[in-house]
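*Asks:* Let me see the structure of the following:
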Amino acid sequence: MKHFTHLKDISSKDLRRILSDAKKRKKNRKKLNILEIDKGAPLRGKLLIQMFEKSSLRTRMSFYLAIKQLGGGTLTLRSSELHIGQGSETLEDTAKILSTYGDGFMLRTDSDDKIENFEKYLSIPVINGLSPSSHPTQVLSDIFTIEEIKNKPISKLNITWIGDSNNVLNSLIAASIKFNFRLNIGCPKNYKPNKKILDWVKRNNKKLNIFNDAKLAAINADVIFSDKVISLNDKVNKKKKLFQFRNFKITKKLMSFAKKDCIFLHCLPRGPEVDEEVFFSKQSKVWKQALNRVHVQKSILLYCFGKLR
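*Replies:* Now for the predicted structure:
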């Protein structure tokens, strides 16, 4: 049994094994319909319990299809429907019940503490489907998409992030160390990654290139990432924050500073941080990016259940 909660806690070797398995599984599904089960049904009889404290479309659908295609099933819960923290129902008690009924637990939460506590008390694998500090399943899938499109290891590519320093960027920073790729970050001066992240990077002898000018961050990029400037449940002055990011919008002109074959990725949903001209261009690979999450989630599940080939 293995947890999948933060990329920084998983070995480079295991992350590469997950991607290699996903590549094989995607190739083997070319002639299968969406609900047909993979050969051998490696997770037959297994139940994945999903719990959502935040809205979800791609994470919910991709994990549903992932466990189904592996021969298992899923049960989706909302924390508002449970008794966690109410009366005498502690998180530890809830974890024991979940461990009794399910074989794996995927949590999309607004609390990093809940991820840590469920990992502590559950006796089944825990998967982080998104937390305030991390979005590991998204970023690992994005690396899969990049290598599939570019047909080369990500270590040979220049990756650029332009936007807010959020949970997706935190996981991308962790990935830059695990997969050894160059990472440029373009953001306003007051929105660089927090000190804890930067200290961890320094301890791992990695250098991040942080620019307060989007054009400088985009130069020679093979891939440009972006994400919503105003995240779900952001408790900020939205008008003020959007103004501060006004020069960090992904436009056709900004993309011109990157390599000619540069691709654009966005984990969705989108906001005003990207022009429609870019979003719907040939450089945009957001739909392939979203679909590939199914294939990578399958291999993450197999990793957690100890059944990775």
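*Asks:* quick one: average pLDDT of stretch 257-268?
*Replies:* Mean per-residue pLDDT for stretch 257-268: 98.
*Asks:* Can I get that stretch as CSV, trimmed to CA atoms?
*Replies:* C-alpha atoms of stretch 257-268 as CSV (Å, rounded to 0.1, in the frame of the first residue of the first chain):
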residue,chain,number,x,y,z
PHE,A,257,8.6,35.0,-27.4
ALA,A,258,8.5,31.2,-27.0
LYS,A,259,9.7,28.6,-29.5
LYS,A,260,7.6,28.3,-32.6
ASP,A,261,6.3,24.9,-31.6
CYS,A,262,5.6,25.9,-28.0
ILE,A,263,2.4,24.4,-26.6
PHE,A,264,0.0,26.0,-24.1
LEU,A,265,-1.5,24.0,-21.2
HIS,A,266,-4.1,25.0,-18.6
CYS,A,267,-5.6,22.7,-16.0
LEU,A,268,-9.1,24.4,-16.3
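*Asks:* Show me the shaky parts of the stretch 151-300 of the chain.
*Replies:* By pLDDT under 70, the low-scoring segments of the stretch 151-300 of the chain are 232-233.
*Asks:* Spell out which residues make up each domain of this protein.
*Replies:* 7-134+293-304, 136-289 (automatic domain parsing).
*Asks:* Quote the end-to-end distance of the first one.
*Replies:* According to Cα to Cα, to the nearest Å, domain 7-134+293-304 extends 13 Å from its N-terminal end residue to its C-terminal end residue.
*Asks:* could you say which helix or strand contains Lys23?
*Replies:* Lys23 belongs to helix 12-28 when elements are defined using DSSP states H and E.
*Asks:* Name the residues of that helix that are buried.
*Replies:* Along helix 12-28, these residues count as buried under the neighbour rule (16 or more other Cβ atoms under 10 Å): 15, 17-19, 21-23, 25-26. Any C-beta I mention is one placed from the backbone N, CA and C, and that applies to glycine too.
*Asks:* Mean confidence (pLDDT) on stretch 43-56, please.
*Replies:* Averaged over stretch 43-56, pLDDT sits at 95.
*Asks:* Just the C-alphas of it, formatted as PDB.
*Replies:* This file holds the C-alpha atoms of stretch 43-56, laid out as PDB (Å, rounded to 0.1, in the frame of the first residue of the first chain):
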ATOM      1  CA  LEU A  43      -8.500  -3.800  -9.800                       C
ATOM      2  CA  ARG A  44     -11.500  -6.100 -10.100                       C
ATOM      3  CA  GLY A  45     -13.500  -6.000  -6.900                       C
ATOM      4  CA  LYS A  46     -11.700  -2.900  -5.500                       C
ATOM      5  CA  LEU A  47     -13.700   0.100  -4.300                       C
ATOM      6  CA  LEU A  48     -12.300   3.700  -4.500                       C
ATOM      7  CA  ILE A  49     -14.100   6.100  -2.100                       C
ATOM      8  CA  GLN A  50     -13.900   9.700  -3.400                       C
ATOM      9  CA  MET A  51     -14.700  12.700  -1.100                       C
ATOM     10  CA  PHE A  52     -15.100  16.200  -2.500                       C
ATOM     11  CA  GLU A  53     -15.000  19.400  -0.400                       C
ATOM     12  CA  LYS A  54     -14.400  21.500  -3.500                       C
ATOM     13  CA  SER A  55     -16.100  21.500  -6.900                       C
ATOM     14  CA  SER A  56     -14.700  19.100  -9.400                       C
END
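*Asks:* Much appreciated, bye for now.
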